[in-house]
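Peer 1: One predicted model, sequence on top.
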Amino acid sequence: MLEDARYVVDILKKNDVDFVIEDRLSEAVKGFDYISIRKMNVDVMAIVGSDRFLLGKLLELRQTDVPILPLASKGQPDFLFELTATNFDGIIGDLLDCKWKKEERRRLIAEISGKETPPLLNDIGIFAKRSATLIRYSLLIDDEHFWKDGSDGLIVATPTGSTAYSLSVGGPIILTSSPVFSIIPVNSVNPARRPLVLPDDVNVEIKDLTSSVTIEAVLDGQIRRKVDNHPVRIRKSDSSAMFVKFSEERVEELRGKLLRKTETAEDVAHELPPSAKLVFKVLEYQGQLSQKEIVDETMLPPRTVRYALSLLMSEGLVTKKLSLRDSRQGFYHVTNKD
């Protein structure tokens, strides 16, 4: 990632662009002005990295109307990225000539134990701290009781988040421009329970939460917060995220972007647990990872990751390769079926 960041800086410098760099890069990219990301007063903010890195930076920024230009690192776009850092020299002209528009991405805010979360671009998941442990809850929509359920968890996702963890557990794919969000029960004890798609001007309340272990809320896959006996309230954030868009979004483009994900997902056996599907999705988009890296990316317990990998390898979907430097360490990648 640092190498890609240096490349972007070199392109900006060659084009005589006024720019500043986040202070955390001061040791890696020397000789420039640095500032905290939350104090930046810029026209466009380029973020070089992965989906996980971008989500973390948006949580750190909280409310901002600065357009975000995601540039994927490692030469391979993640799902939130249309461009790689190595493409930057090809679009710098359009960027400077303002041949782009702002694309609004709606976000959510949750109130947990009386405290509001930062705006969430993808989703909020409510799960028991121990994997595959049942939670029970009541769902209210605009203060009206909607259902009472028991499940492995519950996900409330934005249109952007509909293609993240939500998709892995059977949630709908929603175009980013749609003024809605979705609620997906994870492995409900009621086989008739189905995902909901709701207008984004409603208020959602999740109450009567009980489990045999601690219940946690997972924010954009980045932050975990303990859920006490207070209701969790979720609503649309007043602050959307703005992304730099170089061309009109078309349904065909979204379907093309999803093609690899949906084709591969069809190959995954339906009986595999959500944790295995999540591990598979992370490997598909991040490439080769060690077990520790998978734990860091998914935020799943190490035992759950080991079990998920064993299932995926038994299905022939994931292959393990030993490290040349340390034969005790293995790296995992999606099996090439070409």
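Peer 2: Arrived safely. Numbering: from 1, shown residues only.
Peer 1: Helix, strand, or coil at the nearest residue to residue 139 once chain neighbours are set aside?
Peer 2: The shortest distance from residue 139 to any non-neighbouring residue, by CB to CB, 6 or more residues apart in numbering, is to residue 146 (4.7 Å). Any C-beta I mention is one placed from the backbone N, CA and C, and that applies to glycine too. With DSSP: H, G, I helix; E, B strand; the rest coil as the basis, the three-state label of residue 146 is strand.
Peer 1: tell me, how many neighbours does residue 146 end up with?
Peer 2: As a burial measure, residue 146 scores 15 neighbours (other CB atoms under 10 Å).
Peer 1: Tell me the pLDDT of it.
Peer 2: Residue 146 carries a pLDDT value of 95.
Peer 1: for residue 215, same thing?
Peer 2: 95.
Peer 1: Beyond the helix or strand of the chain at the bottom of the mean pLDDT ranking, next helix or strand please.
Peer 2: Every helix and strand in the chain was compared by mean pLDDT, DSSP states H and E; the lowest is helix 251-267, with a mean of 45. Using DSSP states H and E, the next helix or strand after helix 251-267 towards the C-terminus is helix 274-286.
Peer 1: what residues does that next one touch?
Peer 2: For helix 274-286, contacts defined as CB atoms under 8 Å, 6 or more residues apart in numbering pick out 50-51, 76, 78-79, 131-132, 152, 165, 167-169, 186-187, 260-261, 264-265, 268, 289, 293-294, 297-298, 300, 304-305, 307-309, 311-312, 317-318, 332-334.
Peer 1: Buried members of those residues into PyMOL, please.
Peer 2: One line in PyMOL is enough to select the buried members of the contacts of helix 274-286, burial here meaning 16 or more other CB atoms under 10 Å:
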select buried, resi 50+51+78+79+131+152+165+167+168+169+186+261+268+289+293+294+297+298+300+304+305+307+308+309+311+312+317+318+332+334
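Peer 1: for residue 12, what are its contacts?
Peer 2: 19, 92.
Peer 1: Also residue 159?
Peer 2: 105-106, 174-178, 180-181.
Peer 1: Columns distance to residue 215, secondary structure and neighbour count on top of these, output as JSON lines?
Peer 2: JSON lines is the format used below for the contacts of residue 159 (distance: CB to CB, whole Å; DSSP: H, G, I helix; E, B strand; the rest coil; neighbours: other CB atoms under 10 Å):
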{"residue": "105", "distance to residue 215": "28", "secondary structure": "strand", "neighbour count": "21"}
{"residue": "106", "distance to residue 215": "26", "secondary structure": "coil", "neighbour count": "22"}
{"residue": "174", "distance to residue 215": "26", "secondary structure": "coil", "neighbour count": "21"}
{"residue": "175", "distance to residue 215": "32", "secondary structure": "coil", "neighbour count": "13"}
{"residue": "176", "distance to residue 215": "30", "secondary structure": "coil", "neighbour count": "18"}
{"residue": "177", "distance to residue 215": "33", "secondary structure": "coil", "neighbour count": "11"}
{"residue": "178", "distance to residue 215": "29", "secondary structure": "coil", "neighbour count": "15"}
{"residue": "180", "distance to residue 215": "26", "secondary structure": "strand", "neighbour count": "19"}
{"residue": "181", "distance to residue 215": "21", "secondary structure": "strand", "neighbour count": "28"}
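Peer 1: how about those residues in CSV, adding distance to residue 20 and pLDDT?
Peer 2: Formatted as CSV, the contacts of residue 159 follow (distance: CB to CB, whole Å; pLDDT from 0 to 100):
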residue, distance to residue 20, pLDDT
105, 24, 94
106, 28, 94
174, 35, 93
175, 34, 90
176, 29, 88
177, 31, 88
178, 35, 93
180, 37, 96
181, 34, 95
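Peer 1: so which of these comes closest to residue 226?
Peer 2: Closest approach between the contacts of residue 159 and residue 226, by CB to CB: residue 181, at 23.6 Å.
Peer 1: wait, the closest one sits on residue 201?
Peer 2: No - when contacts are counted by CB atoms under 8 Å, residue 181 is not listed as touching residue 201 (10.1 Å).
Peer 1: Show me the common contact partners of these two, please.
Peer 2: Contacts common to residue 181 and residue 201, judged by CB under 8 Å, 6+ apart, are residue 236.
Peer 1: and which of the contacts of residue 159 is nearest residue 137?
Peer 2: residue 181 (17.5 Å).
Peer 1: That closest one bridge partners, please.
Peer 2: residue 198 (DSSP bridges).
Peer 1: contacting residues for it?
Peer 2: So residue 181 contacts 106, 108, 156-159, 197-198, 200, 236 (CB under 8 Å, 6+ apart).
Peer 1: hmm, back to that, distance of the residue nearest to residue 139 relative to residue 218?
Peer 2: 22 Å (CB to CB, to the nearest Å).
Peer 1: what's the answer for residue 115, then?
Peer 2: For residue 115, the distance to residue 218 - CB to CB - is 16 Å.
Peer 1: Have a look at those two and say which one is more surrounded.
Peer 2: Between residue 115 and residue 218, counting by other CB under 10 Å, residue 218 is the more crowded of the two (18 against 9).
Peer 1: Report the contact partners of the more buried one.
Peer 2: 124-127, 224, 299.
Peer 1: Mind doing that once more with 6 Å?
Peer 2: Residue 218 is in contact with 125, 224, counting by CB atoms under 6 Å, 6 or more residues apart in numbering.
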